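Asks: okay, predicted coordinates and the sequence, questions at the end:
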Amino acid sequence: MSSTSADMQVRPGTEADLPSLTELYNHYVRETAITFDTEPFTPGTRRPWLLAHPEHGPHRLLVAHDTSDGTLLGYATSSSFRPKPAYGTSVELTVYCAPGAGGRGVGTLLYESLFKALENEDLHRAYAGVALPNEASVRLHARFGFEHVGTYREVGQKFGRYWDVAWYEKPLGP
């Protein structure tokens with residue numbers, strides 16, 4: 001499964017992507033409250049996350065690369081919503097764009113590709129948590145038909161302050 005636009009390609013993530021994926025994610029760990037992880041990862045400590053997203057099934061990892069130089073532009077995942085079996089038809093989605101890749105349509109292409117990859121999976125709902133403020137993510141989720149279903153107030157503490165997380169929901173299947 002691969003998608004292409006004029007200047008980028010989306011494909012399933014592989015172990016070869018792990019160093020670049022880790023570097024991209026660590027930017028958000030160190031510099032932002034977009035993720036509530038507080039300590040950077042090594043590729044080795046990030047490997048279990050990668051392995052939890054195989055090429056087939058409801059839990060996927062898709063990566064976007066620049067077609068001219070192979071630079072990682074971003075990634076999107078569908079992950080287990082909660083560990084209990086009754087949540088099995090729900091997934092939590094995430095998208096991260098590389099610094100400087102915003103405004104190129106990376107998030108849009110990743111989500112288009114991810115939703116296409118998930119079409120034949122036994123899934124009922126998708127959820128996304130957005131640490132606030134993050135207007136770009138709010139707009140992206142609205143564009144894909146997510147509806148705001150609630151906000152957890154001051155649910156995470158990072159950089160000496162508390163952050164809210166807005167939750168969004170999208171129907172996927174019957």
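Replies: On my side now, so go ahead.
Asks: which elements pack onto the helix or strand hosting residue 96?
Replies: Element membership for residue 96 (DSSP states H and E) is strand 90-97. If contacts are counted by 3 or more C-beta pairs under 8 Å, 6 or more residues apart in numbering; DSSP states H and E, strand 90-97 sits against helix 18-31, strand 72-80, helix 106-118, strand 125-131. In short, each C-beta sits where N, CA and C put it, glycine included.
Asks: TSV please, covering those and showing mean pLDDT and distance to residue 94.
Replies: Shown next, in TSV, are the helices and strands packed on strand 90-97 (pLDDT from 0 to 100; distance: least, C-beta to C-beta, whole Å):
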stretch	mean pLDDT	distance to residue 94
helix 18-31	98	10
strand 72-80	97	5
helix 106-118	97	10
strand 125-131	98	7
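Asks: okay if I get the ones you listed as JSON lines plus mean neighbour count and distance to residue 141?
Replies: Below are these laid out as JSON lines (neighbours: other C-beta atoms under 10 Å; distance: least, C-beta to C-beta, whole Å):
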{"stretch": "helix 18-31", "mean neighbour count": "17", "distance to residue 141": "17"}
{"stretch": "strand 72-80", "mean neighbour count": "22", "distance to residue 141": "12"}
{"stretch": "helix 106-118", "mean neighbour count": "21", "distance to residue 141": "9"}
{"stretch": "strand 125-131", "mean neighbour count": "20", "distance to residue 141": "5"}
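Asks: and residue 12, which of those is closest to it?
Replies: Between residue 12 and the helices and strands packed on strand 90-97, the tightest spacing by C-beta to C-beta is seen for helix 106-118, at 8.2 Å.
Asks: for that closest one, give me every contacting residue.
Replies: By C-beta atoms under 8 Å, 6 or more residues apart in numbering, the residues outside helix 106-118 that reach it are 1, 3, 5, 8, 10, 58, 60, 62, 64, 73-78, 91, 93, 95, 97-98, 126, 136-137, 140, 143-144, 172.
Asks: so how far is it off the chain centroid?
Replies: 10 Å (C-alpha atoms, centre = their mean, to the nearest Å).
Asks: just the angle between it and strand 90-97, please?
Replies: Interaxial angle of helix 106-118 relative to strand 90-97 (axes from the mean of the first three to the mean of the last three C-alpha atoms, to 10 degrees): 150 degrees.
Asks: quick one, helix 106-118 and strand 72-80 angle?
Replies: Relative orientation of helix 106-118 and strand 72-80, computed by the same axes, to 10 degrees: 40 degrees.
Asks: the most centrally placed residue in the chain pairs with what?
Replies: With distances taken as C-alpha atoms, centre = their mean, residue 94 lies nearest the centre of the chain, 2.1 Å away. Following DSSP bridges, residue 94 is listed with bridge partners residue 77.
Asks: how about the helices and strands packed on strand 90-97 in TSV, adding distance to residue 153?
Replies: Below are those laid out as TSV (distance: least, C-beta to C-beta, whole Å):
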stretch	distance to residue 153
helix 18-31	22
strand 72-80	24
helix 106-118	26
strand 125-131	12
